[in-house]
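Novice: no sequence on this one, just coordinates:
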């Protein structure tokens, strides 16, 4: 740390084009004094791209000291690309007007318990602010109303603003905003998030992402790569395990970019506007998926192993096209059990496809929940055997099954089988 301060005092600094400094608590006053003296002496004539981190300075950094320092930067036309003031006891009163002449930069104002919302009014004159972090502050609806257009806004852990205040601020933000981070923001629920994404999708030509509690909500338009680049730079979310894509149609290029993002390790994939597309999901299976949900289709995977494309159990909770679901299921190298939880939607043709799949893929257990409208299974399936089935217990009313060489008829009383006639008798 001493070496950094000495370096700032050296005359050779005039040869530097960029500089990054992290200043520890006790040395903040000395650092500011020495640096401002250097500015006054024109010692840093070539310094135009600097990053200054005075986070955690706390009792050693006052509003008056910060105002003086930023004023010196402005007078000497020194540009900062990063200014970190986080975790300090600053109100920021009369300090933020400095940024109006700055070029593109990132302003980190997180963890400022005494920050004034009225001080944020100075941000309206920031035309080139790219990223703003107000996490864990008392920012309220008034503070949000002062925000300028941004690429990235972080409001993690903020509880003082309302959904209405966020809606009111977004019209001026949405035409440029690419990523909004709302980690640990309880007042913004799923309905609010969905409305935000739909509005972004409607009024923008570019992609827009929202991060909350380990999940990424993404309105896919053009420029998804820029959103993912910002996501990679965030400090807060860690690994994203849930992904919701608002898009009427998926394409392979979008998935390639999503798969290339290191922060995405998706276990739950939701597509509220897209039909089930079995041609796309082999790409998605490069993630450790456990749930897939599309328009009218919901599938759960248990024990899925990416490396060899095996799965212990596939549960189809709902489907719009059962043929498409079987096409998707058939892409696994091995399946232990298949469970159809919406069997009432099965047609006889669907059922025969299902039995053929189980026979061909050696799926040992087939479970059907629900009661199909038809009451007879009658087809010639010579050479196929029924898998171990668990459907009769939840299929009251089924009267007749015929497979090659095997007939079975049932008489029901209330919810149980009163008489079962099997011809011929099968061992076991």
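Specialist: Done, it's in. Remember, predicted model here, so these are calculated numbers, not experimental data.
Novice: CA only for contacts and neighbour counts going forward, please
Specialist: Noted.
Novice: correct me, but residue 86 touches residue 52?
Specialist: No - Residue 86 is beyond contact range of residue 52, at 11.4 Å (criterion: Cα atoms under 8 Å).
Novice: more neighbours: which of the two?
Specialist: residue 86 (25 against 16; other Cα atoms under 10 Å).
Novice: dump the residue contacts of the residue nearest to the spatial centre of the chain.
Specialist: Per Cα atoms, centre = their mean, the C-alpha nearest to the average position across the chain is that of residue 216, at 1.1 Å. By Cα atoms under 8 Å, 6 or more residues apart in numbering, residue 216 lies in contact with 209, 210, 240, 242, 243, 244.
Novice: save those as TSV, and put in pLDDT, distance to residue 320 and neighbour count too.
Specialist: Output for the contacts of residue 216, formatted as TSV (pLDDT from 0 to 100; distance: Cα to Cα, whole Å; neighbours: other Cα atoms under 10 Å):
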residue	pLDDT	distance to residue 320	neighbour count
209	92	28	26
210	93	28	25
240	92	28	20
242	94	23	21
243	94	21	21
244	94	19	21
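Novice: now render the residues you listed as TSV, adding distance to residue 180 and secondary structure.
Specialist: What follows is these, written out as TSV (distance: Cα to Cα, whole Å; DSSP: H, G, I helix; E, B strand; the rest coil):
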residue	distance to residue 180	secondary structure
209	6	strand
210	5	strand
240	14	strand
242	16	strand
243	15	strand
244	15	strand
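Novice: in a strand, residue 65, correct?
Specialist: No - secondary structure of residue 65 (DSSP: H, G, I helix; E, B strand; the rest coil): helix, not part of a strand.
Novice: where does pLDDT dip in the stretch 1-150 of the chain?
Specialist: For the stretch 1-150 of the chain, applying pLDDT under 70 flags the ranges 1-29, 31-32, 35-51, 57-60, 98-104.
Novice: an error on my part: the question was meant for the stretch 251-400 of the chain.
Specialist: For the stretch 251-400 of the chain, the ranges with pLDDT under 70 are 370-398, 400.
Novice: and the helices in the stretch 101-250 of the chain, which stretches?
Specialist: 141-145, 163-174, 190-203, 224-233 (DSSP state H, counting those that start in this stretch).
Novice: packing partners for the shortest one?
Specialist: Counting contacts by 3 or more Cα pairs under 8 Å, 6 or more residues apart in numbering; DSSP states H and E, helix 141-145 packs against helix 163-174.
Novice: list the buried residues for the helix it packs on?
Specialist: 165, 166, 169, 170, 173, 174 (16 or more other Cα atoms under 10 Å).
Novice: likewise stretch 278-297?
Specialist: Within stretch 278-297, the residues that count as buried by 16+ other Cα under 10 Å are 278, 284, 285, 287, 288, 289, 290, 291, 292, 293, 294, 297.
Novice: list the ones among the residues you listed that fall in helices.
Specialist: Using DSSP state H, the subset of these located in helices is residue 284.
Novice: now the buried residues of stretch 278-297 in a markdown table, with distance to residue 356?
Specialist: Supplementary listing: these in a markdown table, determined by distance: Cα to Cα, whole Å:
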| residue | distance to residue 356 |
| --- | --- |
| 278 | 19 |
| 284 | 26 |
| 285 | 24 |
| 287 | 28 |
| 288 | 28 |
| 289 | 26 |
| 290 | 25 |
| 291 | 25 |
| 292 | 24 |
| 293 | 25 |
| 294 | 25 |
| 297 | 22 |
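Novice: closest to residue 419 out of the buried residues of stretch 278-297?
Specialist: Nearest to residue 419 among those: residue 297, at 36.6 Å, using Cα to Cα.
Novice: circling back to that earlier point, the buried residues of helix 163-174: which two are farthest apart?
Specialist: Farthest pair in those (Cα to Cα) is 165 and 174. Separation: 14.2 Å.
Novice: count the residues that sit near residue 149.
Specialist: Using other Cα under 10 Å, residue 149 has 23 neighbouring residues.
Novice: likewise the one 3 residues further on?
Specialist: Residues near residue 152, counting by other Cα under 10 Å, number 24.
Novice: hmm, back to that, for the residue nearest to the centre of the chain, give the beta-bridge partners.
Specialist: Note on residue 216: beta-bridge partners by DSSP bridges are residue 211, residue 243.
Novice: thanks a lot, see you next time.
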